[in-house]
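K.L.:
Just a sequence and a predicted model for now, questions to come.
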Amino acid sequence: MALSPSISKKIINNHQLKSRVFKSPSFCNHCGEQIGVLTKGAECTTCKNRFHLFCTQNISTYCVPWISREEYNQSLSQSHDNLYRQPTENQLSMVGLASDSLDFDDITELVGSHEFSRKHFSKFTYCNVCSRFIYGINKQGFACNYCNLAVHPGCMNKAPLLPNCKPFFSNTNKMGHYWINGNVSVKKLCLVCAGKVNNSNVLTGKQCSWCRNVLHDKCYREFYKVERNCDFGQIKNLILPPQCIHLPNNLSFNISDIQTLRRNCQVRHPGGNSTPLLVFVNNRSGGQQGQQLIKKFKRFLHPFQIFDLANGGPQPGLEFFQSLNGNYKILICGGDGTAGWVLSKIDELNIFAPAPSAIIPLGTGNDLARILYWGGGYTGEKILPILDSVDKAHLVNLDRWKITITPEVGESSTYIMNNYFSIGVDAKIAMEFHELREKNPEKFKSRTGNKIKYANLGAVNVVTGCPNLQNNISLDIDNPPQHITINESIEALIILNVPSYAGGCNLWPANHKQSTGAIFRRSTETGLSRQSINDRKLEILGIKSSFHLGQCKVNTSKPIVITQCELIRIILTDESFIQVDGEPKKQSNCIIVIEYLNSKPMLSKRAEILNA
């Protein structure tokens with residue numbers, strides 16, 4: 001019942017409401033609309049929230065004691081001191097970082113069922129505990145990594161007043177919405193009235209942490225006149241619903257011990273067209289971008305879907321999803337080496353029906369991500385459009401090749417190639433870059449800076465290079481063997497599986513458009529086919545020097561085209577440098593055999609990929 005002129009005080013949800021006339025513009029904490037000047041309304045004497053008289057009967061928030069500006073500044077200072085004190089071993093293991101590379105802003109704090117991290121709020125944001133504005137310049141408060149509940153630093157210790165975090169387990173087959181008060185997305189419209197939710201002035205409106213849909217506070221009761229279930233919204237096919245995870249009765253949920261819970265729970269497929277997403281993140285790729293990505297994924301996906309590769313590699317995630325029988329998708333966040341690691345682990349576990357994989361590029365070259373149209377490098381874009389693209393991605397197969405190196409002395413070693421293999425000056429530059437990065441890893445966190453350092457090493461090797469390479473290698477292709485004569489001017493032999501080399505350079509001439517603009521399937525000059533990632537063929541090219549390689553990258557020169565083939569045998573008669581997918585090493589006299597291994601399903605963002 002609303003306040004009436006005869007009732008000056010009323011208690012609703014612990015709010016000590018008192019009638020008063022507002023002499024300055026104010027906003028209702030229930031509907032978000034303005035309370036007119038010299039208009040009678042109601043104000044809570046404890047939390048200072050203000051309401052229209054006609055809104056008091058529908059108040060859904062609970063009273064929390066008001067925090068003054070002086071108390072806020074004091075709590076902010078205390079919170080800052082606590083945040084930047086020496087972290088404990090438990091905190092270090094929780095964020096998966098080594099002490100020498102720790103960013104203290106990444107340390108999380110567990111309050112109840114929430115996992116809070118310090119956050120910079122770029123729009124008007126209000127505390128979900130005290131309903132007051134969170135003000136400041138940078139990283140003003142804390143937000144839960146899972147449900148996005150926002151709080152003042154001074155309200156962090158009021159755990160009993162916080163609503164629980166969104167549920168990760170359910171004993172029923174249906175899942176209801178989980179509403180968080182206020183701070184809703186301005187682009188979303190109310191599910192009931194299709195009106196815009198005005199939340200820039202007060203904490204008002206509700207948003208579901210799973211499906212991202214919003215409601216006016218005044219429309220909340222209207223919405224629930226019939227039973228409503230959450231459909232998980234735009235990326236519902238990628239989410240592993242809480243009702244599909246069974247937790248044993250003898251285990252209690254603890255957000256800080258997700259790895260133990262994952263090992264002991266059972267997972268079933270949601271059914272229908274769902275393809276739950278398995279996310280692997282290499283937090284050491286891309287200048288610590290991985291840690292920020294993990295936080296972003298937690299907002300939209302179930303935490304059991306997100307695996308940090310620093311904690312046991314890809315195997316725990318693949319085993320956890322094994323019961324879904326390949327009816328899921330994989331998202332690999334890392335460089336080409338990370339993608340190769342995951343694909344090789346799928347081979348090692350002998351998974352019969354492997355799931356297709358997409359890539360968020362965090363490395364330096366990112367050639368595999370480039371040819372699948374996922375871009376040359378992640379630069380902090382919003383994660384929801386990327387997840388939507390993964391859901392709508394196109395299936396394509398990728399040829400993979402086995403490289404067997406048999407030295408004159410010692411045992412043979414085997415490598416898996418997804419992108420390219422090379423011998424000579426380019427591998428030497430890669431080796432020098434690798435050694436510099438191992439000595440000073442803190443200087444190699446910028447993707448652009450890494451490319452500049454790489455170019456400097458290339459300039460130095462214009463003089464030194466790898467002369468007389470043709471005297472040190474013998475090349476045979478296919479079966480029966482055909483001997484290929486190496487041009488004496490060549491300083492690097494490059495073998496390609498994909499149409500991208502060393503950060504996006506498309507070296508194979510038959511891939512390019514003719515002057516008429518038509519893409520041709522066969523080169524009229526050489527009779528060689530256009531490249532494909534699933535034609536079971538490799539392309540062999542020659543590079544004259546590191547300067548020639550630089551010219552090819554800026555499209556002012558062309559490499560020396562040698563041939564296409566299905567099997568390669570190389571005899572190395574002197575010590576040289578080799579690299580497999582950007583991973584270099586120094587190799588002594590040996591025999592190198594490159595042969596087809598298998599193909600793996602991948603996800604391309606666009607349909608016009610180079611298919612056979």
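P.N.:
Here it is on my side, so go on.

K.L.:
Which strand or helix spans the residue nearest to Asn229 when sequence neighbours are not counted?
P.N.:
The shortest distance from Asn229 to any non-neighbouring residue, by Cβ to Cβ, 6 or more residues apart in numbering, is to Lys174 (5.0 Å). In this view, the C-beta of every residue, glycine as well, is placed from N, C-alpha and C. Assigned by DSSP states H and E, Lys174 falls within no helix or strand.

K.L.:
does Lys174 really touch Asp231, like I thought?
P.N.:
No: between Lys174 and Asp231 there is no contact under Cβ atoms under 8 Å: 10.7 Å.

K.L.:
Which one of the two is surrounded by more residues?
P.N.:
Legend: neighbour count by other Cβ atoms under 10 Å for Lys174 and Asp231, higher for Asp231 (15 against 11).

K.L.:
And that one, how far from Asn282?
P.N.:
Distance, Asp231 to Asn282, by Cβ to Cβ, to the nearest Å: 32 Å.

K.L.:
host element of Asn487?
P.N.:
Take DSSP H and E as the rule and Asn487 turns out to sit in neither a helix nor a strand.

K.L.:
Next, the contact list for it, please.
P.N.:
Shown in contact with Asn487 (Cβ atoms under 8 Å, 6 or more residues apart in numbering): Gln470, Gly542, Ile560.

K.L.:
Among the residues you listed, which ones are in strands?
P.N.:
Mapping the contacts of Asn487 onto strands (DSSP state E) picks out Gly542, Ile560.

K.L.:
Between the contacts of Asn487, which sits nearest His302?
P.N.:
In terms of Cβ to Cβ, no member of the contacts of Asn487 lies closer to His302 than Gly542, at 50.0 Å.

K.L.:
Isn't that closest one up against Ile494?
P.N.:
Yes: contact criterion Cβ under 8 Å: Gly542 and Ile494 qualify, at 7.4 Å.

K.L.:
who's more crowded, these two?
P.N.:
Counting neighbours by other Cβ under 10 Å for Gly542 and for Ile494 shows that Ile494 has the greater number, 27 against 20.

K.L.:
Tell me what that one is bridged to.
P.N.:
Counting by DSSP bridges, Ile494 is bridged to Ser422, Leu541.

K.L.:
per-residue confidence for it?
P.N.:
For Ile494, the pLDDT comes out at 92.

K.L.:
so what sits against both of Gly542 and Ile494?
P.N.:
Contacts common to Gly542 and Ile494, judged by Cβ under 8 Å, 6+ apart, are Pro559.

K.L.:
which SS class is Pro270?
P.N.:
Judged by DSSP: H, G, I helix; E, B strand; the rest coil, the three-state class of Pro270 is coil.

K.L.:
Might one say that it is in contact with Leu240?
P.N.:
Yes: Pro270 is in contact with Leu240 according to Cβ under 8 Å; the separation is 7.2 Å.

K.L.:
what is in contact with those two at once?
P.N.:
Common contacts of Pro270 and Leu240 (Cβ under 8 Å, 6+ apart): Pro276.

K.L.:
more crowded one of these two?
P.N.:
When Pro270 and Leu240 are compared for neighbours, Leu240 comes out ahead with 26 against 19, by other Cβ under 10 Å.

K.L.:
So for the chain, which residue is the most central one in space?
P.N.:
Centroid-nearest residue in the chain: Leu293, 4.4 Å away (criterion: Cα atoms, centre = their mean).

K.L.:
In contact with that one, which residues are there?
P.N.:
Neighbouring residues of Leu293 by Cβ under 8 Å, 6+ apart: Val281, Cys333, Ile360, Leu362, Tyr378, Ile383.

K.L.:
Check the residues you listed and tell me the two furthest apart.
P.N.:
Leu362 and Ile383, at 13.3 Å, using Cβ to Cβ across those.
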